[in-house]
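In: Quick one: sequence and predicted model below, then my questions.
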Amino acid sequence: MFNFKIKTMENYKVIESNNLIDLQKSVNKLIEKDWIPIGGITIHGPEIGPVWIYYQTLIKKDIIN
């Protein structure tokens, strides 16, 4: 189990994309910069239509105890 000490929102990000591949690329770039995904992705879509929005939260690696 992790303890998180998030002092500012600069240590916490929520990435949003309407394309899963683009989300993956954005998250991978942040992982290379010492960000860590927390939890799984969240998917939100309308009741009607094919538009989906994907979200991933990340924290800065240096804030994990």
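Out: Happy to help now that I have it.
In: and stretch 21-32, which residues are buried?
Out: Within stretch 21-32, the residues scored as buried using 16 or more other C-beta atoms under 10 Å are 23, 26-27, 30. C-beta: built from backbone N, CA, C; applies to glycine.
In: which two from the residues you listed end up farthest apart in space?
Out: Pairwise distances across the buried residues of stretch 21-32 peak at 10.8 Å for Leu23 and Leu30 (criterion: C-beta to C-beta).
In: tell me, what's touching those two both at once?
Out: The contact sets of Leu23 and Leu30 overlap at Ile15 (C-beta atoms under 8 Å, 6 or more residues apart in numbering).
In: so what's the backbone phi/psi at the residue of the chain most remote from its centre?
Out: In the chain, the residue that sits farthest from the middle, by C-alpha atoms, centre = their mean, is Ile48; the gap is 25.4 Å. Phi and psi for Ile48, reported as degrees, to the nearest 10, are phi -130, psi 130.
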